[in-house]
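Novice: sequence and predicted structure are below.
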Amino acid sequence: MQALAITSIGETAFTTVETPELGPQDVLLKVGCVGLCGSDLNTFRGLNPLVTLPRIPGHEIGGTIVQTGCDVPTEYASGAKAIVIPYTACKSCSACRAGRPNACQFNETLGVQRDGGMASQLIVPYDRLILNDQLSLREQALVEPLSVGFHAVMRGAITQHDTVVILGAGMIGIGAVVGALARGARVIAVEISDAKQGTLRSLGVHEVINPSTESLPARVAALTDGHGADVVIEAVGLPETFRSAVDLACFGGRVVYVGYAKSEVSYNTSLFNLKELDIMGSRNATRSDFEAVIDHLQAQPGLAQKLISRVFSWREAAQAFPFWEANRQDIFKVMIDMQGNSHD
């Protein structure tokens, strides 16, 4: 089968790889659409420490079942459309035993620790699929990144009574925005790209702050009567935004880290105690997060069009990473349509 691999830093190439053998509980999927994640871009840029090269990227995947193993339930029939849950779970580590397989100690994500979906076909265990014939293939490829943001919202226990500050409006931040708005929260988005402001406001965000042109602490204080945010979700992954999350949270507030900093972060830890903050990490997403996003996308049929910035056809796929690298400030989501369709 044909695949696109990141072969070295800043370089991709089409390659021919063998299709793995179909196991008794496996499904052979014809890949329909793949979304590119920030982790894929960091792999291309040589900034993803979890990846060894060469690597076939892609873990945001929608496709169609082609063939099934002998022990796969009959509802996973040839021709059915499905969304891939791209994480593994060992079922024996402390997180798995606690019912939190999204945080499995030994997780291997498609496109990161193992080859991903940027290929004509993909074999996955059937329990890593969610069948869905209502969403388009492009909408299916949006489910995973939005689910990561929805999981951060769940971790923050956000309700309609909360004012939520979300640092960063990449796709994970957008997932948190959409998830928080779906729960009725008042959402303040923090994003340095002015090009994204129109889309953020069209989603229903109450305020957008550009911290490069105005004081973020002063603006949040003014918008919260001086109290700070009930919940701050960090979706950037920089030391300064990690610290800002603590500074911007109110007394008795919650902080959720879904981004991760690439270098050590130093804090004035007195605020942890003085504010009695609940500080939480958020990793990947659960099946219930996926299902919540699917329901939301089905109820909001225009959402995908707002979030998909550019679609490349499969034959154009090698252009996708350089394009995103050159236009990072303007991009929400770049996708590869394996069926050959593209749009600007």
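Specialist: Yes, it's here.
Novice: let's verify residue 105: helix, strand, or coil?
Specialist: Here residue 105 is coil, with the state taken from DSSP: H, G, I helix; E, B strand; the rest coil.
Novice: likewise residue 12?
Specialist: Strictly by three-state DSSP, residue 12 counts as strand.
Novice: residue boundaries of the helices in the stretch 51-200 of the chain?
Specialist: Along the stretch 51-200 of the chain, the segments classed as helices by DSSP state H, counting those that start in this stretch run 94-97, 137-155, 171-182, 197-203.
Novice: want to try JSON lines for these, with distance to residue 4, mean pLDDT and mean neighbour count as columns?
Specialist: Heads up, the C-betas are built off the backbone N, CA and C, glycines and all. Formatted as JSON lines, those follow (distance: least, C-beta to C-beta, whole Å; pLDDT from 0 to 100; neighbours: other C-beta atoms under 10 Å):
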{"stretch": "helix 94-97", "distance to residue 4": "32", "mean pLDDT": "98", "mean neighbour count": "14"}
{"stretch": "helix 137-155", "distance to residue 4": "15", "mean pLDDT": "98", "mean neighbour count": "27"}
{"stretch": "helix 171-182", "distance to residue 4": "20", "mean pLDDT": "97", "mean neighbour count": "27"}
{"stretch": "helix 197-203", "distance to residue 4": "28", "mean pLDDT": "96", "mean neighbour count": "16"}
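Novice: out of these, which comes closest to residue 285?
Specialist: helix 137-155 (3.7 Å; C-beta to C-beta).
Novice: where do the strands sit along the stretch 151-300 of the chain?
Specialist: In the stretch 151-300 of the chain, the strands defined using DSSP state E, counting those that start in this stretch lie at 163-167, 186-190, 207-209, 229-234, 249-257, 278-281.
Novice: export those as TSV, with columns for mean neighbour count and mean pLDDT.
Specialist: TSV is the format used below for the strands of the stretch 151-300 of the chain (neighbours: other C-beta atoms under 10 Å; pLDDT from 0 to 100):
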stretch	mean neighbour count	mean pLDDT
strand 163-167	29	98
strand 186-190	25	98
strand 207-209	19	98
strand 229-234	28	98
strand 249-257	21	98
strand 278-281	15	98
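Novice: how is this protein carved up into domains?
Specialist: Following automatic domain parsing, the chain resolves into domains at 2-133+302-337, 147-281.
Novice: excluding residues flanking it in the chain, which one is nearest residue 211?
Specialist: Distances taken as C-beta to C-beta, 6 or more residues apart in numbering place residue 190 nearest to residue 211, at 6.0 Å, with adjacent residues excluded.
Novice: ah, wrong one, I meant residue 114
Specialist: residue 108 (5.0 Å).
Novice: and residue 253, by the same measure?
Specialist: Setting aside the residues directly before and after it, residue 253 is nearest to residue 230 in space (C-beta to C-beta, 6+ apart), at 5.5 Å.
Novice: show me the contacts for the one you found.
Specialist: 161, 162, 163, 164, 249, 250, 253, 254 (C-beta atoms under 8 Å, 6 or more residues apart in numbering).
Novice: where's the residue nearest to the spatial centre of the chain relative to residue 161, distance?
Specialist: Centroid check for the chain by C-alpha atoms, centre = their mean gives residue 145 as the closest residue, at 2.5 Å. As judged by C-beta to C-beta, to the nearest Å, residue 145 and residue 161 stand 27 Å apart.
Novice: quick check: which ranges of this structure have low pLDDT?
Specialist: For the chain, the stretches with pLDDT under 70 are 340-344.
Novice: can I get the strands of the stretch 151-300 of the chain in JSON lines including distance to residue 44?
Specialist: Below are the strands of the stretch 151-300 of the chain laid out as JSON lines (distance: least, C-beta to C-beta, whole Å):
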{"stretch": "strand 163-167", "distance to residue 44": "24"}
{"stretch": "strand 186-190", "distance to residue 44": "26"}
{"stretch": "strand 207-209", "distance to residue 44": "28"}
{"stretch": "strand 229-234", "distance to residue 44": "23"}
{"stretch": "strand 249-257", "distance to residue 44": "24"}
{"stretch": "strand 278-281", "distance to residue 44": "26"}
